[in-house]
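Visitor: Attaching a predicted model along with its sequence, questions to come.
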Amino acid sequence: MPYPRQRPRRLRRTETWRRMVRETRLSPDDLVYPLFVVHGEGVRSQVPTMPGVFQLSIDLLVEEAAEAYELGIPAVILFGIPEHKDAQGSEGYSADGVVPRAARALKRAVPDLQVWADVCLCEYTDHGHCGLLTESGEVDNDSTLPLLARAAVVYAQAGSDVVAPSDMMDGRVGAVRRALDEHQLDQVPIVSYAAKYASAFYGPFRDAAHSTPAFGDRRAYQMDPANAIEALREVALDVDEGADIVMVKPAGPYLDVVRRVRETVTVPVAAYQVSGEYSLIKAAGANGWVDERRVALESLVGIRRAGADIIVTYFAKDAARWLAEG
Ligand code: PBG
């Protein structure tokens, strides 16, 4: 019968106490800011389903990234929107593609800002799937691997500090690691989207990246939202194949997975607060139904508390500003 000897409220009474006993801290150091890059100049086109998120041409992308860096955010992750899409997703692994161009420009303008390059074909294929299709319309694992590896090499050669395969093909981390090593890119880490779920929370992103599958869905390669043990198997395989950091995605609805992964691996764990998580908070905030700032920060602290070392979030710049304001 601890009460009245024990009174947990004693350590909550003042902000000074709360500051001293706080278990989880959120800092701009933990955040990665996603950016959508398009061809052209002077383009800043609002993504309708993601207020505050824009498709940017490289000139404006550099400004946006520099602002993020000024706010203390150490890294951005790039998603490219190509000029032309085709069945093979060719712009995805062309040295002249929009992502390598952006990486070169960013490294020139803001050398200390880390550039992460998402590696996937879905933004580049006309069918919108993450790999090559067989005649029967299945996504073919093994013929896709060399293309992903090529994309990773091209992005790294353009100066990307990190490559982040998000396609969910089996064996892609190993294929990417071997290709990087063969090209003297052994110092480029791989952040693998190891536990990536077939989630409805990606809806707004597919608007932003024009990557909605033309037919079917991604359930034959992304994970079933009902599974958590399988996530442990996915991360174990990726670490074995050479992943330096493993990512869980989405974040908020999968905090149990973040926690279990954190307790299982010894590499850093990242979590991706995806477009739908962002847009839900934005929409409710805009309606006056919730306090956007407090809900956003609470969602980020929750992801950290679950065990994520790094959070990819569209709120990165806002969060950095809010944290600076205290
Ligand atoms: C590409 C990719 C997706 C996201 C990140 N990389 C979309 C998808 O798998 O359809 C989603 C990010 C988000 O929703 O914010 N493979």
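Guide: Cool, got the structure. Residues are numbered from 1 along each chain as shown.

Visitor: longest helix in this structure, by residue count?
Guide: Ranked by residue count under DSSP state H, the longest helix found in the chain is helix 141-157.

Visitor: Close to the ligand: what parts of the stretch 101-250 of the chain are there?
Guide: In this structure, the stretch 101-250 of the chain approaches the ligand at residues 118, 120, 122, 130, 166, 167, 202, 205, 206, 211, judged by C-beta under 6 Å from any ligand atom. Where you see a C-beta, it was placed from the backbone N, CA and C, and this is true even at glycine.

Visitor: show me where this protein has helices.
Guide: Going by DSSP H, the chain shows helices at 15-21, 58-70, 98-109, 141-157, 172-182, 203-209, 229-241, 255-264, 275-286, 292-306, 316-325.

Visitor: Adding mean neighbour count and distance to residue 249, write those out as TSV.
Guide: As requested, the helices of the chain are exported to TSV (neighbours: other C-beta atoms under 10 Å; distance: least, C-beta to C-beta, whole Å):
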stretch	mean neighbour count	distance to residue 249
helix 15-21	10	31
helix 58-70	18	20
helix 98-109	21	19
helix 141-157	22	17
helix 172-182	21	15
helix 203-209	20	11
helix 229-241	18	10
helix 255-264	19	9
helix 275-286	19	10
helix 292-306	19	11
helix 316-325	18	16
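
Visitor: before we move on, back to that, show me the one in the residues of the stretch 101-250 of the chain next to the ligand that has more neighbours than the rest.
Guide: residue 120 (28 neighbours; other C-beta atoms under 10 Å).

Visitor: could I get the helices of the chain as JSON lines with mean pLDDT?
Guide: Putting these into JSON lines (pLDDT from 0 to 100) gives the following:
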{"stretch": "helix 15-21", "mean pLDDT": "97"}
{"stretch": "helix 58-70", "mean pLDDT": "98"}
{"stretch": "helix 98-109", "mean pLDDT": "98"}
{"stretch": "helix 141-157", "mean pLDDT": "98"}
{"stretch": "helix 172-182", "mean pLDDT": "98"}
{"stretch": "helix 203-209", "mean pLDDT": "91"}
{"stretch": "helix 229-241", "mean pLDDT": "98"}
{"stretch": "helix 255-264", "mean pLDDT": "98"}
{"stretch": "helix 275-286", "mean pLDDT": "98"}
{"stretch": "helix 292-306", "mean pLDDT": "98"}
{"stretch": "helix 316-325", "mean pLDDT": "98"}
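
Visitor: which one of those helices lies closest to residue 193?
Guide: Judged by C-beta to C-beta, the one of those that comes nearest to residue 193 is helix 229-241, at 8.9 Å.

Visitor: ok and that closest one relative to helix 255-264, angle-wise?
Guide: 40 degrees (axes from the mean of the first three to the mean of the last three C-alpha atoms, to 10 degrees).

Visitor: Mind listing residues that contact helix 229-241?
Guide: 170-171, 173-174, 177, 192, 194-195, 223-224, 243, 246, 248, 257, 260-261, 264-265, 267 (C-beta atoms under 8 Å, 6 or more residues apart in numbering).

Visitor: what do you get if the cut-off is 7 Å, keeping everything else the same?
Guide: Under the contact criterion C-beta atoms under 7 Å, 6 or more residues apart in numbering, helix 229-241 has outside partners 173-174, 177, 192, 194-195, 223, 246, 248, 257, 260-261, 264-265, 267.

Visitor: on that earlier part again, take the residues of the stretch 101-250 of the chain next to the ligand and keep only those in strands.
Guide: residue 118 (DSSP state E).

Visitor: now the residues of the stretch 101-250 of the chain next to the ligand as CSV including distance to residue 252?
Guide: Output for those, formatted as CSV (distance: C-beta to C-beta, whole Å):
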residue, distance to residue 252
118, 20
120, 22
122, 22
130, 23
166, 18
167, 23
202, 13
205, 15
206, 18
211, 21
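
Visitor: which one of the residues of the stretch 101-250 of the chain next to the ligand sits closest to residue 86?
Guide: Using C-beta to C-beta, residue 122 comes nearest to residue 86 of those, at 13.0 Å.

Visitor: Report the separation between that closest one and residue 253.
Guide: 21 Å (C-beta to C-beta, to the nearest Å).

Visitor: Please apply the same query to residue 69.
Guide: Residue 69 is 30 Å from residue 253, by C-beta to C-beta.

Visitor: Hmm, residue 123 is touching residue 84, no?
Guide: No: applying C-beta atoms under 7 Å as the test, residue 123 and residue 84 come out as separate, 11.8 Å apart.

Visitor: and those two? which has more neighbours close in?
Guide: Under the criterion of other C-beta under 10 Å, the comparison of residue 123 against residue 84 puts residue 123 first, with 25 against 9.

Visitor: ok, that one - contacts?
Guide: Here residue 123 is in contact with 79, 80, 81, 82, 209, 211 (C-beta under 7 Å, 6+ apart).

Visitor: re earlier: ok now the longest helix of the chain, how far from the chain's centre?
Guide: Relative to its parent chain, helix 141-157 has a centroid offset of 18 Å by C-alpha atoms, centre = their mean, to the nearest Å.

Visitor: quick check: angle from that helix to helix 172-182?
Guide: Using the same axes, to 10 degrees: helix 141-157 against helix 172-182 is 40 degrees.
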